[in-house]
Each structure stands twice: as structure tokens, then as C-alpha cells.
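Student: Got a sequence here, can you model it:
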Amino acid sequence: MIEVDRPAVESSGPAHRSSAPPLTERQRERRRRILRATAQLACRGGFEAVQMREVAESSQVALGTLYRYFPSKVHLLVATMQDQLERLHCTLRKSPPTGETAGDRVAQTLMRAFGALQREPRLAEAMARALTFADRSVSPEVDQVSRQTTAIVLDAMGGLENPTPEQLSAVRVVEHTWLSTLITWLAGRTSLAQVRVDIETVCRLIDLTEAGTARAGTARAGTARAGTARAEAAEHP
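Tutor: Now for the predicted structure:
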């Protein structure tokens, strides 16, 4: 039976999406079916195999309903990437990385993510192509992918709740490098060994920012102690 629904998110405009009410449980289940069907089609035939009509038929929703959830297959595939990353995040939480430093743990985590995508190269290629094709209308979905990736990296660093601007900047550079290596590997322009080297190299930024934060904290503590000493000396000449 084909299901017809008016989801809470109907417009492709970012402002409308941000103010839309949350999906109901029924709508969330329908969305999960749509994303699952998309991933299955992409696994079989890559980007070209993901056709909106086939996604609608596979997920048993009306074509018009599908377009109200996802205005294009680029929206659909970027949302699928966010969903895949969310699933990966759940797996990583059950089996967290064990590296000695934050940089080691982030590198280990990103290589595990890379390995998961490597097992389904057509799906990975389809999602990566969608990200490169995404324009402003896909900004909400792209932002979700970025936020999910950031959450994965911060968890690997040690579950930071209040990262410094320097740490967030390092995380962004790490994310950009990870996506870039994924795209170049999918295009056959780099080897898996080089991917690992690049990821491990960029993740050293994480340790550099942590060391800088520690030094800044030590310096502030030293300044505070010096100020206290001066105040006591003034009180007791």
C-alpha cells in the first residue's frame, strides 16, 4: 500500500525547515524507510541508481510525499549520509577508540568510519557526489552532516562539552581533510595507505591544540598566583 502524508517539513527553504515542528513517530518511521531504500539503491548502483520514483516505490510512499520530505535526490543522499554517520556514531560509542592521545583516537575513529564506507563503495560514492553537488538549498542537510561528524570527532577526543575555538578550528580542518581523502580515494587518485597517512597527519592538530590549551591554562594559573602574591605583599609590606 502506498502511503500519502503531509510531513511537518514540506518546503525546501531553510527558514521554513528550521521553524517546522518536529516529525511525528509515524513520519519518522516513514523517513527511515525512505533513507533505507535510498541506501539500498545506492549500494546496488551508485548515484545514478537513486531515482526518486524508485525510492518512493521501494519505501511505499507516494512520489509527491517523497518530494515533500526531500525536494531532490541530492537532498535525499546528503540526508542518507547523515543517517549513516549517526548509525556509525552509535557503533563507535559501544566500542570507543583506544589511542593514547586525542589525535590518535580521532585518527582511529575516522579510519573506522572510512572502513565502513569502503565496504559499500557505491553508496559512499553516491553520498560524496551529492555533497559536492549540494547548493544552498541543501544547506540544512549539509549542516546536519557536519554536526554529526563534529560530534563523532569530539567524542573521540574525550567527549568535550566546551571545546575551545582553537579546538573547533582543528576539528573543522580534520573534517575537511577526511572528506577530501574520501573523495580522492573514491576517484582512484589516492591509495588507502596514503589516506591513512593524511588522516594521521592532520589529526596531530588535535594534540597541538590540546597542548596549547594546557599551556594557556598553566600561564593563567601562574598569572593568578603572581597577582595573589603581589596583593599579599602589598597588605604586609
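Student: what about residue 175, distance to residue 100?
Tutor: 22 Å (C-beta to C-beta, to the nearest Å). Using the backbone N, CA and C atoms, a C-beta is placed for each residue, glycine as well.
Student: So between those two, which is more surrounded?
Tutor: residue 175 (18 against 7; other C-beta atoms under 10 Å).
Student: distance of residue 110 from residue 128?
Tutor: 15 Å.
Student: Repeat that for residue 30.
Tutor: From residue 30 to residue 128 the distance is 26 Å (C-beta to C-beta).
Student: more crowded one of residue 110 and residue 128?
Tutor: Counted by other C-beta under 10 Å, residue 110 and residue 128 do not tie: residue 110 has more neighbours, with 27 against 20.
Student: who touches the more buried one in this structure?
Tutor: Contacts for residue 110 (C-beta atoms under 8 Å, 6 or more residues apart in numbering) come out as 153, 174, 178, 199, 203.
Student: Output the below-cut-off pLDDT ranges for the protein.
Tutor: 1-20, 211-237 (pLDDT under 70).
Student: helix or strand for the residue nearest the centre of the chain, which one?
Tutor: By C-alpha atoms, centre = their mean, the mean C-alpha position of the chain lies nearest to residue 149, the distance being 2.4 Å. Residue 149 belongs to helix 139-157 when assigned by DSSP states H and E.
Student: With residue 180 instead?
Tutor: Here residue 180 is assigned to helix 165-186, by DSSP H and E.
Student: Report the buried residues of that helix.
Tutor: If you call a residue buried by 16 or more other C-beta atoms under 10 Å, then helix 165-186 has these buried ones: 167, 170-171, 174-175, 177-179, 181-183, 185-186.
Student: which among these gets closest to residue 53?
Tutor: Each of the buried residues of helix 165-186 was scored against residue 53 by C-beta to C-beta, and residue 186 proved nearest at 26.1 Å.
Student: The closest one and residue 209: what is the separation?
Tutor: From residue 186 across to residue 209, the span is 29 Å (C-beta to C-beta).
Student: what are the ranges of the helices in this structure?
Tutor: Along the chain, counting by DSSP state H, helices occupy 14-19, 25-45, 52-59, 63-69, 73-94, 102-118, 121-133, 139-157, 165-186, 192-235.
Student: Give the full set of residues in contact with the nearest residue to residue 47 once chain neighbours are set aside.
Tutor: Nearest residue to residue 47, sequence neighbours excluded (C-beta to C-beta, 6 or more residues apart in numbering): residue 126, at 4.1 Å. Neighbour list for residue 126: 42, 46-47, 49-50, 77 [criterion: C-beta under 8 Å, 6+ apart].
Student: And for residue 162?
Tutor: No contacts exist for residue 162 under C-beta under 8 Å, 6+ apart.
Student: For it, grab phi and psi.
Tutor: Main-chain torsions, residue 162, degrees, to the nearest 10: phi -130, psi 70.
Student: Likewise for residue 134?
Tutor: Per degrees, to the nearest 10, the backbone of residue 134 is at phi -60, psi 130.
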